[in-house]
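> Return a 3D structure for these sequence lines:
(one chain, ligands or ions: 1)
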Amino acid sequence: MIEDLKKIVGPKNVLSGGAEKERFSHVWATDIPLSAKGVVLPSSTEQISEVLRLCYQHHEEVVVHGGLTNLVGGTQTNSNQWVVSLERMNAIEEIDIKAKTVTAQAGVVLAELIDAVAAQALFLPLHFGAKGSAQIGGVVATNAGGMRVFRYGMTRNLVLGMEVVLPTGVVLSSLKKIIKDNSGYDLKQLFIGAEGTLGIITKVSLRLFELPTSRYAALVALKNFNDVIRFLRMMQRELSGNLSAFELMWQATYQKAAPKDGQFQLSPEYPYYVFVECLGHDLQKDYRAFEDALALADGKKILLDGVLAQSEREVESLMRIREDTQVLRDSFVSTQHFDISLPIDVMDKEVERIVADLEQLPFIDAVLAFGHIADGNLHLVVGKNETTPVIFKTIESIVYKNLKKHLGSVSAEHGIGVHKKAHLKTSKSPEEIALMKTLKQAVDPKNLLNPGRIF
Ligand SMILES: Cc1cc2nc3c(=O)[nH]c(=O)nc-3n(C[C@H](O)[C@H](O)[C@H](O)COP(=O)(O)OP(=O)(O)OC[C@H]3O[C@@H](n4cnc5c(N)ncnc54)[C@H](O)[C@@H]3O)c2cc1C
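Down below sits the predicted model:
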(Lines give C-alpha, C1' and ligand atoms only; values in the text may rest on other atoms or scores of the structure.)
Protein backbone atom coordinates (compact mmCIF):
# COMPACT_ATOMS: atom_id res chain seq x y z
CA MET A 1 0.00 0.00 0.00
CA ILE A 2 2.70 2.48 1.02
CA GLU A 3 4.65 2.07 -2.22
CA ASP A 4 1.47 2.33 -4.33
CA LEU A 5 0.31 5.41 -2.43
CA LYS A 6 3.74 7.02 -2.91
CA LYS A 7 3.46 6.40 -6.65
CA ILE A 8 0.18 8.35 -6.66
CA VAL A 9 1.04 11.37 -4.47
CA GLY A 10 4.85 11.35 -4.46
CA PRO A 11 7.17 9.83 -1.85
CA LYS A 12 7.26 12.90 0.41
CA ASN A 13 3.49 12.98 0.64
CA VAL A 14 2.91 9.69 2.42
CA LEU A 15 3.81 9.88 6.11
CA SER A 16 4.24 6.44 7.66
CA GLY A 17 6.66 4.29 9.67
CA GLY A 18 6.47 6.72 12.64
CA ALA A 19 6.38 9.99 10.65
CA GLU A 20 2.58 10.03 11.02
CA LYS A 21 3.01 10.38 14.79
CA GLU A 22 4.21 13.96 14.27
CA ARG A 23 0.62 14.81 13.47
CA PHE A 24 -2.56 14.78 15.55
CA SER A 25 -6.26 14.14 15.14
CA HIS A 26 -7.74 17.32 16.57
CA VAL A 27 -6.76 20.91 17.37
CA TRP A 28 -7.50 20.25 21.06
CA ALA A 29 -5.27 17.14 21.09
CA THR A 30 -1.94 18.46 19.80
CA ASP A 31 -0.04 16.55 22.46
CA ILE A 32 -1.49 13.17 21.42
CA PRO A 33 0.38 11.58 18.48
CA LEU A 34 -1.80 10.39 15.64
CA SER A 35 -2.53 6.69 15.53
CA ALA A 36 -2.92 5.59 11.90
CA LYS A 37 -1.33 3.43 9.21
CA GLY A 38 -0.18 6.62 7.56
CA VAL A 39 -1.16 10.05 6.32
CA VAL A 40 -1.64 10.69 2.60
CA LEU A 41 -1.36 14.26 1.32
CA PRO A 42 -2.78 14.48 -2.21
CA SER A 43 -2.65 17.69 -4.24
CA SER A 44 -5.37 17.09 -6.84
CA THR A 45 -8.79 15.54 -7.33
CA GLU A 46 -7.24 12.94 -9.62
CA GLN A 47 -4.82 11.86 -6.89
CA ILE A 48 -7.66 11.59 -4.33
CA SER A 49 -9.62 9.50 -6.80
CA GLU A 50 -6.68 7.12 -7.32
CA VAL A 51 -6.01 6.90 -3.57
CA LEU A 52 -9.64 6.01 -2.82
CA ARG A 53 -9.77 3.52 -5.71
CA LEU A 54 -6.67 1.79 -4.34
CA CYS A 55 -8.02 1.73 -0.77
CA TYR A 56 -11.35 0.39 -2.03
CA GLN A 57 -9.63 -2.45 -3.93
CA HIS A 58 -7.63 -3.41 -0.83
CA HIS A 59 -10.42 -2.97 1.74
CA GLU A 60 -8.49 -0.19 3.51
CA GLU A 61 -10.35 2.26 5.79
CA VAL A 62 -9.85 6.00 5.23
CA VAL A 63 -10.56 8.95 7.54
CA VAL A 64 -10.66 12.45 6.04
CA HIS A 65 -8.78 15.28 7.75
CA GLY A 66 -9.66 18.94 7.15
CA GLY A 67 -8.74 21.66 9.66
CA LEU A 68 -9.37 19.28 12.61
CA THR A 69 -11.60 21.72 14.51
CA ASN A 70 -14.75 19.57 14.76
CA LEU A 71 -16.09 19.05 18.26
CA VAL A 72 -17.52 15.53 17.87
CA GLY A 73 -14.50 13.26 17.38
CA GLY A 74 -15.08 13.18 13.60
CA THR A 75 -11.35 13.03 12.78
CA GLN A 76 -10.37 10.37 15.33
CA THR A 77 -8.50 7.39 13.87
CA ASN A 78 -7.15 4.02 14.92
CA SER A 79 -3.92 2.32 13.91
CA ASN A 80 -5.73 0.37 11.18
CA GLN A 81 -6.88 3.41 9.22
CA TRP A 82 -5.34 5.75 6.64
CA VAL A 83 -5.72 9.50 6.87
CA VAL A 84 -6.32 11.53 3.72
CA SER A 85 -5.58 15.17 4.50
CA LEU A 86 -6.80 17.98 2.24
CA GLU A 87 -4.19 20.51 3.37
CA ARG A 88 -2.29 20.58 0.05
CA MET A 89 -5.49 21.25 -1.89
CA ASN A 90 -5.47 24.87 -0.84
CA ALA A 91 -5.93 26.99 -3.97
CA ILE A 92 -8.66 29.53 -4.56
CA GLU A 93 -9.46 28.79 -8.19
CA GLU A 94 -11.76 31.66 -9.11
CA ILE A 95 -13.51 34.68 -7.66
CA ASP A 96 -16.26 35.63 -10.10
CA ILE A 97 -17.13 39.23 -9.31
CA LYS A 98 -20.07 39.41 -11.71
CA ALA A 99 -21.72 36.18 -10.57
CA LYS A 100 -20.65 36.86 -6.94
CA THR A 101 -19.21 33.38 -6.44
CA VAL A 102 -15.96 31.82 -5.32
CA THR A 103 -14.64 28.42 -6.37
CA ALA A 104 -12.04 26.93 -4.06
CA GLN A 105 -10.29 23.68 -3.31
CA ALA A 106 -11.43 21.97 -0.13
CA GLY A 107 -8.27 22.64 1.89
CA VAL A 108 -8.48 26.45 1.80
CA VAL A 109 -8.71 27.80 5.36
CA LEU A 110 -12.02 29.60 5.91
CA ALA A 111 -10.48 32.87 7.19
CA GLU A 112 -8.24 33.04 4.10
CA LEU A 113 -11.23 32.58 1.84
CA ILE A 114 -13.17 35.30 3.68
CA ASP A 115 -10.21 37.70 3.33
CA ALA A 116 -9.63 36.88 -0.34
CA VAL A 117 -13.22 37.62 -1.35
CA ALA A 118 -13.29 40.73 0.89
CA ALA A 119 -10.37 42.09 -1.14
CA GLN A 120 -12.82 42.04 -4.08
CA ALA A 121 -15.52 43.81 -2.00
CA LEU A 122 -17.44 40.53 -1.62
CA PHE A 123 -18.66 38.84 1.54
CA LEU A 124 -18.67 35.20 2.65
CA PRO A 125 -20.88 35.44 5.73
CA LEU A 126 -19.64 32.32 7.58
CA HIS A 127 -18.44 33.38 11.01
CA PHE A 128 -17.40 31.17 13.92
CA GLY A 129 -14.56 30.85 16.42
CA ALA A 130 -12.60 28.22 14.48
CA LYS A 131 -12.45 30.08 11.16
CA GLY A 132 -8.66 30.50 11.41
CA SER A 133 -8.13 26.71 11.18
CA ALA A 134 -11.29 25.15 9.69
CA GLN A 135 -11.05 24.35 5.97
CA ILE A 136 -13.88 25.08 3.57
CA GLY A 137 -14.19 21.33 2.75
CA GLY A 138 -14.62 20.54 6.47
CA VAL A 139 -17.04 23.43 6.86
CA VAL A 140 -19.21 22.05 4.03
CA ALA A 141 -18.84 18.45 5.27
CA THR A 142 -20.20 19.55 8.67
CA ASN A 143 -22.68 22.13 7.32
CA ALA A 144 -21.26 24.59 9.85
CA GLY A 145 -23.39 27.38 11.30
CA GLY A 146 -22.12 30.18 13.53
CA MET A 147 -23.32 33.65 14.35
CA ARG A 148 -24.97 34.80 11.13
CA VAL A 149 -27.17 31.84 10.27
CA PHE A 150 -30.53 33.53 10.88
CA ARG A 151 -29.60 36.12 8.23
CA TYR A 152 -27.63 34.12 5.64
CA GLY A 153 -28.47 30.48 6.43
CA MET A 154 -26.23 27.52 7.28
CA THR A 155 -23.30 26.61 5.00
CA ARG A 156 -25.78 24.56 2.96
CA ASN A 157 -27.47 27.77 1.80
CA LEU A 158 -24.20 29.08 0.37
CA VAL A 159 -23.10 26.02 -1.65
CA LEU A 160 -23.86 26.31 -5.37
CA GLY A 161 -21.62 23.59 -6.75
CA MET A 162 -19.34 20.81 -5.64
CA GLU A 163 -16.78 18.30 -6.77
CA VAL A 164 -16.63 15.14 -4.71
CA VAL A 165 -14.83 11.80 -4.89
CA LEU A 166 -16.93 8.80 -3.93
CA PRO A 167 -15.45 6.02 -1.75
CA THR A 168 -14.98 3.90 -4.88
CA GLY A 169 -12.87 6.64 -6.51
CA VAL A 170 -15.58 7.88 -8.89
CA VAL A 171 -15.47 11.68 -9.32
CA LEU A 172 -18.74 13.64 -9.37
CA SER A 173 -18.00 17.11 -10.67
CA SER A 174 -20.67 19.77 -10.70
CA LEU A 175 -19.00 23.09 -9.96
CA LYS A 176 -22.01 25.11 -11.03
CA LYS A 177 -22.34 28.76 -10.11
CA ILE A 178 -26.08 29.07 -10.59
CA ILE A 179 -28.68 29.43 -7.87
CA LYS A 180 -31.57 27.70 -9.60
CA ASP A 181 -31.18 24.10 -10.79
CA ASN A 182 -34.18 21.80 -10.50
CA SER A 183 -32.85 19.17 -12.87
CA GLY A 184 -33.66 16.14 -10.77
CA TYR A 185 -32.10 15.24 -7.41
CA ASP A 186 -29.86 17.93 -5.93
CA LEU A 187 -27.01 15.52 -5.26
CA LYS A 188 -24.63 18.02 -3.64
CA GLN A 189 -27.03 18.22 -0.69
CA LEU A 190 -26.19 14.57 0.11
CA PHE A 191 -22.60 15.46 0.92
CA ILE A 192 -23.27 18.67 2.88
CA GLY A 193 -23.36 17.73 6.56
CA ALA A 194 -22.58 14.06 5.79
CA GLU A 195 -19.33 14.42 7.78
CA GLY A 196 -17.26 12.74 5.08
CA THR A 197 -19.19 9.47 5.22
CA LEU A 198 -20.33 9.59 1.58
CA GLY A 199 -17.36 11.11 -0.24
CA ILE A 200 -14.38 13.44 -0.06
CA ILE A 201 -15.28 16.98 -1.08
CA THR A 202 -12.45 18.28 -3.25
CA LYS A 203 -13.81 21.63 -4.50
CA VAL A 204 -16.80 23.87 -3.85
CA SER A 205 -18.35 26.92 -5.44
CA LEU A 206 -20.04 29.27 -2.99
CA ARG A 207 -22.46 32.13 -3.21
CA LEU A 208 -21.21 35.54 -2.02
CA PHE A 209 -22.81 38.84 -1.04
CA GLU A 210 -21.83 42.50 -1.32
CA LEU A 211 -19.27 43.30 1.38
CA PRO A 212 -20.96 45.30 4.16
CA THR A 213 -19.41 48.71 4.68
CA SER A 214 -20.99 49.52 8.02
CA ARG A 215 -20.76 47.44 11.21
CA TYR A 216 -22.28 48.39 14.53
CA ALA A 217 -22.67 46.37 17.71
CA ALA A 218 -23.91 46.62 21.26
CA LEU A 219 -24.12 44.57 24.40
CA VAL A 220 -27.36 44.97 26.31
CA ALA A 221 -28.85 43.60 29.52
CA LEU A 222 -32.45 42.39 29.88
CA LYS A 223 -34.61 41.24 32.76
CA ASN A 224 -36.45 38.22 31.37
CA PHE A 225 -36.56 35.83 28.41
CA ASN A 226 -39.81 37.27 27.14
CA ASP A 227 -38.05 40.61 26.73
CA VAL A 228 -35.22 38.85 24.88
CA ILE A 229 -37.75 37.63 22.30
CA ARG A 230 -39.47 41.04 22.11
CA PHE A 231 -36.06 42.66 21.62
CA LEU A 232 -35.16 40.18 18.84
CA ARG A 233 -38.37 40.88 16.94
CA MET A 234 -37.96 44.62 17.40
CA MET A 235 -34.38 44.59 16.06
CA GLN A 236 -35.41 42.44 13.07
CA ARG A 237 -38.22 44.88 12.28
CA GLU A 238 -36.38 48.15 12.90
CA LEU A 239 -33.09 47.28 11.19
CA SER A 240 -34.72 46.29 7.87
CA GLY A 241 -32.81 43.05 7.50
CA ASN A 242 -29.43 44.42 8.68
CA LEU A 243 -29.42 42.49 11.98
CA SER A 244 -26.58 39.96 11.62
CA ALA A 245 -25.90 38.58 15.11
CA PHE A 246 -28.12 38.12 18.15
CA GLU A 247 -26.21 36.17 20.77
CA LEU A 248 -27.69 35.48 24.19
CA MET A 249 -25.79 34.77 27.41
CA TRP A 250 -27.47 33.77 30.63
CA GLN A 251 -26.17 35.56 33.75
CA ALA A 252 -23.77 32.83 34.93
CA THR A 253 -22.14 32.72 31.48
CA TYR A 254 -21.61 36.48 31.33
CA GLN A 255 -20.11 36.44 34.81
CA LYS A 256 -17.50 33.88 33.71
CA ALA A 257 -16.93 35.20 30.18
CA ALA A 258 -16.83 38.94 30.65
CA PRO A 259 -14.31 39.88 33.33
CA LYS A 260 -11.10 41.01 31.72
CA ASP A 261 -8.83 42.10 34.57
CA GLY A 262 -11.87 42.37 36.83
CA GLN A 263 -13.59 44.88 34.52
CA PHE A 264 -17.17 44.25 33.43
CA GLN A 265 -18.55 46.14 30.41
CA LEU A 266 -21.95 45.88 32.11
CA SER A 267 -22.76 45.08 35.73
CA PRO A 268 -22.73 41.28 36.22
CA GLU A 269 -26.03 41.26 38.11
CA TYR A 270 -28.52 41.27 35.21
CA PRO A 271 -30.38 38.06 34.29
CA TYR A 272 -29.69 38.11 30.49
CA TYR A 273 -27.15 39.69 28.15
CA VAL A 274 -27.43 39.99 24.37
CA PHE A 275 -24.70 40.85 21.87
CA VAL A 276 -26.29 42.42 18.76
CA GLU A 277 -24.53 43.24 15.51
CA CYS A 278 -25.79 45.08 12.45
CA LEU A 279 -24.08 44.91 9.04
CA GLY A 280 -25.14 47.32 6.30
CA HIS A 281 -24.04 49.53 3.47
CA ASP A 282 -24.56 53.09 4.67
CA LEU A 283 -22.37 54.29 7.54
CA GLN A 284 -24.50 57.17 8.75
CA LYS A 285 -27.97 55.85 8.01
CA ASP A 286 -27.17 52.46 9.57
CA TYR A 287 -25.72 54.04 12.70
CA ARG A 288 -28.85 56.18 13.14
CA ALA A 289 -31.11 53.16 12.57
CA PHE A 290 -29.14 51.10 15.09
CA GLU A 291 -29.19 53.85 17.69
CA ASP A 292 -32.91 54.48 17.10
CA ALA A 293 -33.75 50.78 17.43
CA LEU A 294 -31.87 50.58 20.74
CA ALA A 295 -33.55 53.79 21.94
CA LEU A 296 -36.96 52.37 21.02
CA ALA A 297 -36.27 49.19 23.03
CA ASP A 298 -35.04 51.32 25.90
CA GLY A 299 -38.14 53.52 25.72
CA LYS A 300 -40.34 50.45 25.93
CA LYS A 301 -38.42 49.37 29.08
CA ILE A 302 -37.07 46.25 27.36
CA LEU A 303 -33.44 47.10 28.14
CA LEU A 304 -31.99 47.40 31.63
CA ASP A 305 -28.60 48.66 30.49
CA GLY A 306 -26.37 48.67 27.44
CA VAL A 307 -23.08 49.62 25.87
CA LEU A 308 -22.71 50.68 22.25
CA ALA A 309 -19.35 49.92 20.60
CA GLN A 310 -17.63 53.09 19.38
CA SER A 311 -15.02 51.52 17.10
CA GLU A 312 -14.23 48.31 15.21
CA ARG A 313 -11.92 47.37 18.10
CA GLU A 314 -14.78 47.75 20.58
CA VAL A 315 -17.09 45.68 18.34
CA GLU A 316 -14.49 42.89 18.36
CA SER A 317 -13.99 43.06 22.11
CA LEU A 318 -17.76 42.86 22.81
CA MET A 319 -18.04 39.95 20.38
CA ARG A 320 -15.16 38.12 22.05
CA ILE A 321 -17.10 38.02 25.34
CA ARG A 322 -19.54 35.70 23.65
CA GLU A 323 -17.12 33.92 21.32
CA ASP A 324 -14.20 33.07 23.58
CA THR A 325 -15.37 29.74 24.97
CA GLN A 326 -11.82 28.89 26.08
CA VAL A 327 -12.34 31.19 29.10
CA LEU A 328 -15.38 29.10 30.09
CA ARG A 329 -13.48 25.86 29.59
CA ASP A 330 -10.52 27.07 31.67
CA SER A 331 -12.74 27.96 34.63
CA PHE A 332 -13.30 24.33 35.65
CA VAL A 333 -11.42 21.10 36.38
CA SER A 334 -13.38 19.47 33.57
CA THR A 335 -16.16 20.49 31.18
CA GLN A 336 -18.84 18.88 29.04
CA HIS A 337 -20.25 20.75 26.03
CA PHE A 338 -23.65 20.67 24.38
CA ASP A 339 -24.98 22.08 21.11
CA ILE A 340 -28.73 21.51 20.99
CA SER A 341 -31.68 22.98 19.09
CA LEU A 342 -34.98 23.82 20.73
CA PRO A 343 -38.01 25.84 19.69
CA ILE A 344 -37.52 29.32 21.12
CA ASP A 345 -40.77 29.24 23.14
CA VAL A 346 -39.56 26.35 25.33
CA MET A 347 -35.90 27.31 25.52
CA ASP A 348 -35.85 29.29 28.75
CA LYS A 349 -37.95 26.77 30.68
CA GLU A 350 -35.70 23.97 29.45
CA VAL A 351 -32.56 25.84 30.52
CA GLU A 352 -34.15 26.37 33.97
CA ARG A 353 -34.96 22.67 34.24
CA ILE A 354 -31.53 21.53 33.04
CA VAL A 355 -29.71 23.88 35.45
CA ALA A 356 -31.93 22.86 38.37
CA ASP A 357 -31.51 19.12 37.67
CA LEU A 358 -27.77 19.34 37.12
CA GLU A 359 -27.14 21.51 40.18
CA GLN A 360 -28.58 18.73 42.37
CA LEU A 361 -25.54 16.63 41.48
CA PRO A 362 -22.53 16.88 43.84
CA PHE A 363 -19.90 16.95 41.08
CA ILE A 364 -21.37 19.95 39.17
CA ASP A 365 -19.66 23.34 39.59
CA ALA A 366 -21.72 25.43 37.15
CA VAL A 367 -23.96 25.26 34.09
CA LEU A 368 -23.27 27.99 31.54
CA ALA A 369 -25.89 28.64 28.86
CA PHE A 370 -25.49 30.77 25.74
CA GLY A 371 -26.24 30.55 22.06
CA HIS A 372 -27.32 31.66 18.62
CA ILE A 373 -30.77 32.25 20.00
CA ALA A 374 -32.46 33.59 16.87
CA ASP A 375 -31.93 30.08 15.36
CA GLY A 376 -33.05 28.22 18.49
CA ASN A 377 -29.46 27.00 18.96
CA LEU A 378 -28.43 26.60 22.59
CA HIS A 379 -24.88 25.86 23.76
CA LEU A 380 -24.20 24.62 27.27
CA VAL A 381 -20.87 24.27 29.04
CA VAL A 382 -21.21 22.11 32.13
CA GLY A 383 -18.35 22.63 34.59
CA LYS A 384 -17.63 19.62 36.81
CA ASN A 385 -15.02 18.63 39.35
CA GLU A 386 -15.02 14.91 38.61
CA THR A 387 -15.21 12.96 35.40
CA THR A 388 -16.11 9.31 34.87
CA PRO A 389 -18.10 7.64 32.07
CA VAL A 390 -21.10 7.35 34.44
CA ILE A 391 -20.99 11.06 35.29
CA PHE A 392 -20.69 11.88 31.56
CA LYS A 393 -23.79 9.83 30.73
CA THR A 394 -25.78 11.16 33.69
CA ILE A 395 -25.20 14.74 32.51
CA GLU A 396 -26.09 13.82 28.92
CA SER A 397 -29.35 12.18 29.92
CA ILE A 398 -30.45 15.28 31.87
CA VAL A 399 -29.63 17.66 29.00
CA TYR A 400 -31.20 15.49 26.28
CA LYS A 401 -34.25 14.40 28.35
CA ASN A 402 -36.92 16.52 26.63
CA LEU A 403 -35.39 17.01 23.16
CA LYS A 404 -37.58 14.42 21.49
CA LYS A 405 -40.74 15.72 23.11
CA HIS A 406 -39.97 19.27 21.90
CA LEU A 407 -38.89 18.10 18.41
CA GLY A 408 -35.43 19.54 19.03
CA SER A 409 -32.02 18.31 17.89
CA VAL A 410 -29.10 16.71 19.69
CA SER A 411 -26.80 18.56 17.30
CA ALA A 412 -27.72 22.03 16.10
CA GLU A 413 -24.49 22.61 14.19
CA HIS A 414 -21.52 20.50 15.30
CA GLY A 415 -22.66 17.17 13.82
CA ILE A 416 -22.85 13.66 15.27
CA GLY A 417 -19.32 12.38 14.59
CA VAL A 418 -18.30 9.65 16.99
CA HIS A 419 -19.32 11.29 20.26
CA LYS A 420 -23.07 11.69 19.70
CA LYS A 421 -23.88 8.46 17.86
CA ALA A 422 -25.78 6.99 20.79
CA HIS A 423 -28.15 9.97 20.70
CA LEU A 424 -28.89 10.07 16.97
CA LYS A 425 -32.24 8.42 17.69
CA THR A 426 -33.21 11.45 19.78
CA SER A 427 -33.30 13.58 16.62
CA LYS A 428 -34.09 11.08 13.85
CA SER A 429 -36.82 8.45 13.54
CA PRO A 430 -35.97 4.75 12.93
CA GLU A 431 -37.21 5.17 9.34
CA GLU A 432 -34.91 8.16 8.76
CA ILE A 433 -31.92 6.33 10.22
CA ALA A 434 -32.72 3.30 8.03
CA LEU A 435 -32.76 5.48 4.89
CA MET A 436 -29.48 7.15 5.92
CA LYS A 437 -27.92 3.69 6.26
CA THR A 438 -29.31 2.65 2.87
CA LEU A 439 -27.66 5.70 1.28
CA LYS A 440 -24.35 4.94 2.98
CA GLN A 441 -24.55 1.32 1.82
CA ALA A 442 -25.32 2.37 -1.77
CA VAL A 443 -22.40 4.79 -1.99
CA ASP A 444 -19.89 2.94 0.22
CA PRO A 445 -20.84 -0.76 0.19
CA LYS A 446 -17.66 -1.80 2.00
CA ASN A 447 -18.04 0.92 4.69
CA LEU A 448 -14.49 2.17 4.21
CA LEU A 449 -14.79 5.98 4.19
CA ASN A 450 -15.07 7.63 7.62
CA PRO A 451 -16.50 4.42 9.11
CA GLY A 452 -18.19 4.65 12.52
CA ARG A 453 -19.16 8.29 12.15
CA ILE A 454 -22.87 9.29 12.52
CA PHE A 455 -23.93 5.62 13.04
C1 LIG B 1 -13.44 27.36 18.91
C2 LIG B 1 -14.42 26.64 18.03
C3 LIG B 1 -15.61 27.26 17.69
C4 LIG B 1 -16.52 26.62 16.85
N5 LIG B 1 -17.67 27.25 16.56
C6 LIG B 1 -18.54 26.67 15.71
C7 LIG B 1 -19.77 27.32 15.38
O8 LIG B 1 -20.10 28.40 15.87
N9 LIG B 1 -20.58 26.70 14.49
C10 LIG B 1 -20.27 25.49 13.93
O11 LIG B 1 -21.05 24.97 13.14
N12 LIG B 1 -19.13 24.83 14.27
C13 LIG B 1 -18.26 25.38 15.13
N14 LIG B 1 -17.12 24.71 15.48
C15 LIG B 1 -16.88 23.36 14.93
C16 LIG B 1 -15.97 23.28 13.69
O17 LIG B 1 -15.19 24.43 13.56
C18 LIG B 1 -16.74 23.04 12.42
O19 LIG B 1 -17.36 21.79 12.50
C20 LIG B 1 -15.89 23.11 11.14
O21 LIG B 1 -16.77 23.27 10.09
C22 LIG B 1 -15.02 21.88 10.86
O23 LIG B 1 -14.12 22.16 9.77
P24 LIG B 1 -12.68 21.45 9.71
O25 LIG B 1 -12.02 21.79 8.43
O26 LIG B 1 -11.92 21.74 10.93
O27 LIG B 1 -13.10 19.93 9.65
P28 LIG B 1 -12.49 18.69 10.43
O29 LIG B 1 -12.62 18.88 11.88
O30 LIG B 1 -11.16 18.37 9.90
O31 LIG B 1 -13.51 17.56 9.95
C32 LIG B 1 -14.86 17.57 10.30
C33 LIG B 1 -15.57 16.37 9.67
O34 LIG B 1 -15.64 16.53 8.25
C35 LIG B 1 -14.85 15.54 7.57
N36 LIG B 1 -14.15 16.27 6.51
C37 LIG B 1 -13.19 17.23 6.64
N38 LIG B 1 -12.84 17.69 5.42
C39 LIG B 1 -13.60 17.00 4.51
C40 LIG B 1 -13.69 17.01 3.08
N41 LIG B 1 -12.94 17.82 2.34
N42 LIG B 1 -14.57 16.16 2.50
C43 LIG B 1 -15.34 15.32 3.23
N44 LIG B 1 -15.28 15.26 4.57
C45 LIG B 1 -14.41 16.10 5.21
C46 LIG B 1 -13.96 14.92 8.62
O47 LIG B 1 -13.65 13.58 8.34
C48 LIG B 1 -14.81 15.05 9.88
O49 LIG B 1 -15.75 14.02 9.95
C50 LIG B 1 -16.20 25.33 16.33
C51 LIG B 1 -15.00 24.71 16.67
C52 LIG B 1 -14.11 25.34 17.52
C53 LIG B 1 -12.83 24.64 17.82
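
> pLDDT averaged over stretch 192-203 - what is it?
The average of the pLDDT scores along stretch 192-203 is 98.

> What of stretch 91-100?
98.

> do it and the ligand meet?
No - using Cβ under 6 Å from any ligand atom, stretch 91-100 never reaches the ligand; the gap is at least 13.9 Å. C-beta here means a position set from N, CA and C on the backbone, and glycine is covered the same way.

> Show the contacting residues for L113.
Residues near L113 by Cβ atoms under 8 Å, 6 or more residues apart in numbering: 92, 102, 104, 124, 136.

> Return the set of buried residues in the helix or strand harbouring it.
Secondary structure from DSSP states H and E places L113 in helix 110-118. Neighbour counts over helix 110-118 (16 or more other Cβ atoms under 10 Å) mark 110-114, 116-117 as buried.

> who does whichever helix or strand comes after that helix pair up with?
Later in the chain than helix 110-118, the nearest helix or strand by DSSP H and E is strand 122-123. According to DSSP bridges, strand 122-123 forms sheet pairs with strand 209-210 (antiparallel).

> what sits up against the strand it pairs with?
Contacts of strand 209-210 (Cβ under 8 Å, 6+ apart): 100, 121-125, 152, 281.

> Heading C-terminal from that strand, find the next helix or strand.
Taking DSSP H and E, what comes next after strand 209-210 is strand 214-222.

> What parts of the stretch 1-150 of the chain come near the ligand?
27, 63-71, 74-75, 86, 106, 128-130, 134-135, 137-139, 141-142, 144-146.

> from memory S205 sits against V102, does it?
Yes - using Cβ atoms under 8 Å, S205 makes contact with V102 at a distance of 7.0 Å.

> Minimum distance to the ligand, which residue of the protein gives it?
At 2.1 Å from the ligand, G138 is the closest residue in the chain, using Cβ to the nearest ligand atom.

> For this protein, which helix or strand comes out least confident on mean pLDDT?
Across the helices and strands of the chain, mean confidence by mean pLDDT, DSSP states H and E is lowest for helix 325-330: a mean of 84.

> Which helix or strand lies directly C-terminal to it?
strand 334-341.

> Counting by contacts, list what the very next helix or strand once past that next one packs against.
Scanning forward in sequence from strand 334-341 by DSSP H and E, the next helix or strand is helix 344-359. Using 3 or more Cβ pairs under 8 Å, 6 or more residues apart in numbering; DSSP states H and E, the elements in contact with helix 344-359 are helix 225-238, strand 364-372, strand 377-384, helix 389-400.

> now the contacts of strand 209-210 as TSV including neighbour count and distance to T394?
Shown next, in TSV, are these (neighbours: other Cβ atoms under 10 Å; distance: Cβ to Cβ, whole Å):
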residue	neighbour count	distance to T394
K100	17	49
A121	11	52
L122	19	48
F123	18	44
L124	24	41
P125	20	39
Y152	20	38
H281	12	50
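
> Return the closest of these with respect to K420.
Relative to K420, the closest of the contacts of strand 209-210 is Y152; by Cβ to Cβ it sits at 25.6 Å.

> Within range of the ligand, give me the residues from the stretch 351-455 of the chain.
Residues of the stretch 351-455 of the chain lying close to the ligand (Cβ under 6 Å from any ligand atom) are 413-414, 450, 453.

> Just the pLDDT at the residue nearest to L222 when sequence neighbours are not counted, thanks.
Distance criterion Cβ to Cβ, 6 or more residues apart in numbering; nearest residue to L222, sequence neighbours excluded, is Y272 at 4.5 Å. Note on Y272: pLDDT of 97.

> Surely the residue of the chain closest to the ligand touches T69?
Yes - using Cβ under 8 Å, G138 is in contact with T69, at 7.2 Å.

> okay, these two: which has more neighbours?
Taking other Cβ atoms under 10 Å, G138 and T69 do not tie; G138 has more neighbours (28 against 23).

> what's near enough to touch the more buried one?
For G138, the contact set (Cβ under 8 Å, 6+ apart) comprises 66-70, 86, 106.

> swap in F231?
220, 222, 274, 297, 302-303.

> Output the residues you listed as JSON lines; include the columns distance to the ligand and neighbour count.
Listed next are the contacts of F231 as JSON lines, based on distance: Cβ to the nearest ligand atom, whole Å; neighbours: other Cβ atoms under 10 Å:
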{"residue": "V220", "distance to the ligand": "21", "neighbour count": "24"}
{"residue": "L222", "distance to the ligand": "22", "neighbour count": "23"}
{"residue": "V274", "distance to the ligand": "17", "neighbour count": "23"}
{"residue": "A297", "distance to the ligand": "26", "neighbour count": "21"}
{"residue": "I302", "distance to the ligand": "26", "neighbour count": "19"}
{"residue": "L303", "distance to the ligand": "26", "neighbour count": "21"}
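
> Among S205 and V102, which residue is more densely surrounded?
Comparing S205 with V102 by other Cβ under 10 Å, the one with more neighbours is V102, at 28 against 24.

> Figure out how far the helix holding L113 is from the centre of its chain.
17 Å (Cα atoms, centre = their mean, to the nearest Å).

> what does stretch 302-318 give?
Stretch 302-318 sits 25 Å away from the centroid of its parent chain (Cα atoms, centre = their mean).

> For the nearest residue to L122 once chain neighbours are set aside, grab the count of nearby residues.
Closest residue to L122 apart from its sequence neighbours, by Cβ to Cβ, 6+ apart: L208 at 4.3 Å. For L208, the tally of surrounding residues (other Cβ under 10 Å) stands at 23.

> Contacts only, for L208.
100-102, 117, 122-124.

> Please apply the same query to A130.
Residues counted as contacts of A130 (Cβ under 8 Å, 6+ apart) are 27, 67, 69, 110.

> so the third one is in which element?
This means T69. T69 belongs to no helix or strand, assigned by DSSP H and E.
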